[in-house]
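Engineer: let's see this in three dimensions:
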Amino acid sequence: MRKFSIFLIFVISCAKSDMEKFWQDGNPLPYKVANFGWTSNLNSFYIFGGDTSFNDYSTSRMIIYNNNSYQISETLIAPIHLKNSCIAVYNNKVYIFGGYIANAPTNYFFSYDLNSKTYQDLGNMPFETGGCFAIVLNNKIYIIVGANTSLFYEFNPANNSFNQKASLKYIRDRACAVVLNGQIYVIGGGNNKVEVYDIIANSWIEKKSLDISLKSHTCSVLDNNIYVFGGQTSSTTISSKVFKYDPNSDTWSYVTDMKTPRKGLGSAVIGNEIYVFGGIDDNNNFTNKVEIFRVSPIVF
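Structural biologist: Predicted coordinates:
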């Protein structure tokens with residue numbers, strides 16, 4: 001009986017380590033937050049706005065997280081509080097596009113100067129958005145508008161102009177997007193569809209779909225693969241799954257689970273690791289957890 005108990009403990013500990021060998025805990029965020037705009041640049045990631053509770057719609061603070069530490073912007077980024085904005089860093093400025101006030105999309109448009117720690121109101125965009133995603137590529141910023149539309153825009157920081165580009169094939173809401181091999185991949189957003197944007201042809205190509213429909217998930221690129229974390233699979237189900245997309249074979253595979261199932265989260269590559277942060281867990285609790293994912297798991 002004693003031998004069986006020892007064997008059972010060994011089996012349970014091995015099963016546990018299969019997940020945990022991919023993960024380690026990072027420094028938590030300074031406050032609990034979800035449904036924020038986020039982006040990364042070099043070895044830092046940026047979080048703007050978002051919900052801090054179900055009773056407090058949103059904040060206007062920015063977190064700058066660098067080398068497993070953080071600082072909070074000293075200046076309000078905008079005169080209003082927003083959630084589900086999309087943001088991008090270009091030329092030492094953080095550009096902030098739209099976002100929801102309550103559940104209404106907006107066309108607000110700001111920049112935040114990382115040197116002077118001041119913001120500038122850049123007027124109104126030609127579209128309203130919330131649950132959008134912004135991607136920097138070739139000195140331009142591309143915006144998957146979201147808000148249950150298929151709209152797609154190019155923003156030129158040189159003259160603060162917007163140019164509407166070819167619409168996506170599918171309507172999106174709180175999708176995630178990455179740049180891989182000079183192309184923009186858009187994943188999920190109330191569905192399981194994957195589309196790739198060719199800048200030269202101004203056209204979208206459909207790729208292999210995810211096995212499940214997701215929104216409010218996050219994704220990052222490391223070692224020429226796309227990793228997708230968490231998200232909401234239905235009105236009540238929050239995912240803990242981590243999936244990997246291989247562009248060479250156009251295939252998806254399951255990797256492991258997150259330690260904490262989450263939606264409304266973000267992710268960023270720092271060094272050879274992916275930092276996964278914030279969100280709402282499967283108990284409907286806001287979290288400030290930062291968990292660090294290793295593509296090559298630790299061998300015990």
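Engineer: contacting residues for Asn191?
Structural biologist: Contact analysis of Asn191 by CB atoms under 8 Å, 6 or more residues apart in numbering lists Tyr170, Ile171, Arg172, Ser213. In short, each C-beta sits where N, CA and C put it, glycine included.
Engineer: next step: those residues restricted to strands.
Structural biologist: Assigned to strands by DSSP state E, none of those qualify.
Engineer: average pLDDT for stretch 182-189?
Structural biologist: Stretch 182-189 carries an average pLDDT of 98.
Engineer: and the contacts of the longest strand that the chain contains?
Structural biologist: Counting by DSSP E, the longest strand found in the chain is strand 118-129. Defining contact as CB under 8 Å, 6+ apart, one finds that strand 118-129 is touched by 75-79, 86, 97-99, 105-113, 143, 145-147, 151, 153, 160, 162, 164.
Engineer: strand partners of that strand, parallel vs antiparallel please.
Structural biologist: Strand 118-129 sits in its sheet next to strand 104-113 (antiparallel), going by DSSP bridges.
Engineer: isn't Gly99 up against Gly49?
Structural biologist: Yes. Using CB atoms under 8 Å, Gly99 is in contact with Gly49, at 6.2 Å.
Engineer: shared neighbours, these two?
Structural biologist: Residues touching both Gly99 and Gly49 (CB under 8 Å, 6+ apart) are Gly37, Ser58, Leu82, Lys83, Ser85.
Engineer: mind listing what the spatially closest residue to the fourth one that is not a sequence neighbour touches?
Structural biologist: Leaving aside its sequence neighbours, Lys83 sits nearest to Ser58 (CB to CB, 6 or more residues apart in numbering; 4.1 Å). Under the criterion of CB under 8 Å, 6+ apart, the contact list for Ser58 reads Asn35, Gly49, Gly50, Asp51, Thr52, His81, Leu82, Lys83, Gly99, Tyr100, Ile101.
Engineer: neighbours around the third one, how many?
Structural biologist: Read that as Gly50. 30 (other CB atoms under 10 Å).
Engineer: run through the protein and note the low-pLDDT ranges.
Structural biologist: 1-18, 56-57, 68, 74-79, 297-300 (pLDDT under 70).
Engineer: what bridges to Thr274?
Structural biologist: For residue 274 the amino acid is Ile, not Thr. Taking DSSP bridges as the rule, Ile274 bridges to Val269, Phe293.
Engineer: next, count neighbours for it.
Structural biologist: Neighbours around Ile274, by other CB under 10 Å: 24.
Engineer: go ahead and confirm it touches Phe293.
Structural biologist: Yes. Using CB under 8 Å, Ile274 makes contact with Phe293 at a distance of 4.4 Å.
Engineer: who touches both of those two?
Structural biologist: Tyr227, Phe229.
Engineer: quick one, phi/psi of Ala175?
Structural biologist: phi -80, psi 170 (degrees, to the nearest 10).
Engineer: and the strands in the stretch 201-300 of the chain?
Structural biologist: Using DSSP state E, counting those that start in this stretch, the strands of the stretch 201-300 of the chain run over 203-207, 218-222, 225-229, 241-246, 251-257, 262-263, 266-270, 273-277, 280-281, 290-294.
Engineer: winner for burial among those?
Structural biologist: Greatest average neighbour count among these goes to strand 262-263 (a mean of 27), per mean count of other CB atoms under 10 Å.
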